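Visitor: For reference, the sequence and a predicted model appear below.
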Amino acid sequence: MRFQIMDSYKALSQEVAKEICSLIQEKPEANLCIAAGHSSLGVFEELIALYEKGEVSFAKCSFTAMDEWLGMNREDSGSCGAFLVKNFLSKVDFPEESVSLVNGRCQPPEKELERIRRFIDERHGIDYMLLGIGMNGHLALNEPGTSFDSTLHITQLDAVTQKVGTKYFSDAPVLTGGMTIGLRDICDSGKCVLVINGERKAEIVKKLYDSPPVESLPASVLKTLDNSVVYCDREAASLLTI
């Protein structure tokens, strides 16, 4: 895993967007998986701007959502699916049949996990995984203690995630579970990129930088990979001495 400190969140977002565009130029049918969360917003803005300029098209690409709150789908305001549609998917040209959002309302939920697995397998995996990190070190909704060998699964939310997750909602619902790709799914991706911005993430960045790969810190699984990079802005990296 490589740490890269960028001068600003803007510079970070531009660099990641440039990487994604380069991948699409090399592989127009690339399968992208981008986190639904505030860390992705800058990258979304850059990609949308490049699309509007005609410098990139997603018309042959696929998009795989990585997680969703249990009991919710894209129709729920504040859901991961709604976030992705509002901030990115509705503003570019992914074909509808090539977008897989997670239906957390599906019963039984295992049926939805099977559908997601088929979607990924039919596209021969995920080519580019763009992640954010939780305040407790989670990746997607893989909470502390999740096995590094985990695949698509139903998860019980950590208390930190339950609290932080309510920021996406106007009515502060009780969040208890989720559907998520596993840490093994993340590791199996063609490239794994973790973006971290803002001073509020400085402590978890230092913990990640100092930690060996341990399941109590899910993001540390990236340290086992040669194809992973962490992009931090200077605020997020403020406690590091590198």
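Guide: Now that the structure is in, tell me what you want to look at. Numbers count the residues shown, from 1 in each chain.

Visitor: lowest-confidence helix or strand of the protein?
Guide: Across the helices and strands of the chain, mean confidence by mean pLDDT, DSSP states H and E is lowest for helix 159-165: a mean of 94.

Visitor: Output the longest helix belonging to the protein.
Guide: Longest helix in the chain by number of residues (criterion: DSSP state H): helix 9-26.

Visitor: Which elements pack onto that helix?
Guide: In terms of contacts (3 or more Cβ pairs under 8 Å, 6 or more residues apart in numbering; DSSP states H and E), helix 9-26 is packed against helix 41-52, strand 128-131, strand 191-196, strand 228-233. Heads up, the C-betas are built off the backbone N, CA and C, glycines and all.

Visitor: what's the most buried one of the ones you listed?
Guide: strand 128-131 (a mean of 25; mean count of other Cβ atoms under 10 Å).

Visitor: who's in contact with whatever helix or strand comes next after it?
Guide: Tracing the chain past strand 128-131, the next element assigned as helix or strand by DSSP states H and E is strand 153-156. The set of residues external to strand 153-156 that reach it, using Cβ atoms under 8 Å, 6 or more residues apart in numbering, is 70, 109-110, 113, 141-143, 146, 176-180, 182.

Visitor: What residues of strand 153-156 count as buried?
Guide: Residues 153-155 are the ones in strand 153-156 that count as buried (16 or more other Cβ atoms under 10 Å).

Visitor: can you redo the residues you listed as JSON lines with pLDDT and distance to Met135?
Guide: Below are these laid out as JSON lines (pLDDT from 0 to 100; distance: Cβ to Cβ, whole Å):
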{"residue": "His153", "pLDDT": "98", "distance to Met135": "21"}
{"residue": "Ile154", "pLDDT": "98", "distance to Met135": "22"}
{"residue": "Thr155", "pLDDT": "97", "distance to Met135": "16"}
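
Visitor: hang on, the earlier thing: report the backbone C-alpha coordinates of the least confident helix or strand of the chain in CSV.
Guide: Provided in CSV are the C-alpha atoms of helix 159-165 (Å, rounded to 0.1, in the frame of the first residue of the first chain):
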residue,chain,number,x,y,z
ALA,A,159,-22.1,1.8,17.2
VAL,A,160,-19.9,4.4,15.6
THR,A,161,-21.3,3.7,12.1
GLN,A,162,-24.9,3.8,13.5
LYS,A,163,-24.2,7.3,14.9
VAL,A,164,-22.2,8.7,12.0
GLY,A,165,-24.5,7.2,9.3
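
Visitor: picking that back up, do you know which of the helices and strands packed on helix 9-26 lies nearest Lys91?
Guide: Lys91 lies closest, by Cβ to Cβ, to one member of these: helix 41-52, at 4.9 Å.

Visitor: Would you mind writing the CA trace of the closest one as CSV?
Guide: Output in CSV follows, covering the C-alpha atoms of helix 41-52 (Å, rounded to 0.1, in the frame of the first residue of the first chain):
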residue,chain,number,x,y,z
LEU,A,41,-18.1,14.0,-3.9
GLY,A,42,-15.0,15.7,-5.2
VAL,A,43,-14.2,12.8,-7.5
PHE,A,44,-17.8,12.8,-8.7
GLU,A,45,-17.6,16.5,-9.5
GLU,A,46,-14.4,16.1,-11.5
LEU,A,47,-15.8,13.1,-13.4
ILE,A,48,-19.0,14.9,-14.3
ALA,A,49,-17.1,17.9,-15.5
LEU,A,50,-14.9,15.8,-17.7
TYR,A,51,-18.0,14.0,-19.0
GLU,A,52,-19.7,17.3,-19.8
